[in-house]
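Peer 1: Below is the sequence, then the predicted model.
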Amino acid sequence: MNKAQLIDVIVKKTKISKVQAGDVINTFIAAIKGSLKSGDSVTLIGFGSFSTAKRAARVGRNPKTGKEIKIPATTTPKFKAGKAFKEAVAGASSAAKKKK
């Protein structure tokens, strides 16, 4: 599912316009980005948690030339699925396996 498909689902379920649904999704994404950028985490009970992780500087290799390169330290976003979300996905995959 891509963003446009997600907007379509929201429009059908909530009866709001596509523009409003797009604004909701864009605002949701911007709020998460802003929170992570300021160092906070975002927890959605039953869904999961968005947070950041620091990666130390390290030495890597250019796979084409084999030459060593320095990779700088960075902060990356991370997502940890919540228990209910994991169970819903596991239930869906086990139900699909039972059908086969």
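Peer 2: Happy to help now that I have it.

Peer 1: Can you give me every residue that contacts the spatially most central residue of the chain?
Peer 2: In the chain, the residue lying closest to the centroid (C-alpha atoms, centre = their mean) is Phe79, at 5.9 Å. Phe79 sits next to 48-51 when contact means C-beta atoms under 8 Å, 6 or more residues apart in numbering. To be clear about C-beta, it is placed using only N, CA and C from the backbone, and glycine gets the same treatment.

Peer 1: could you say what helices and strands the longest helix along the chain packs with?
Peer 2: Scanning the chain for the longest helix, with DSSP state H as the assignment, gives helix 18-37. Applying 3 or more C-beta pairs under 8 Å, 6 or more residues apart in numbering; DSSP states H and E, we find helix 18-37 packed against helix 3-14, strand 42-44, strand 48-55.

Peer 1: Flag every buried residue along the last one.
Peer 2: So the one you mean is strand 48-55. Within strand 48-55, the residues that qualify as buried are 48, 50-51, counting by 16 or more other C-beta atoms under 10 Å.

Peer 1: now do the second one
Peer 2: Neighbour-count burial for strand 42-44, with 16+ other C-beta under 10 Å as criterion, is recorded at Val42.

Peer 1: Also the longest one?
Peer 2: Using 16+ other C-beta under 10 Å as the test for burial, helix 3-14 gives 7, 10-11.

Peer 1: Could you export those as CSV, including distance to Asn62 and pLDDT?
Peer 2: Below are those laid out as CSV (distance: C-beta to C-beta, whole Å; pLDDT from 0 to 100):
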residue, distance to Asn62, pLDDT
Ile7, 40, 95
Ile10, 44, 95
Val11, 46, 95
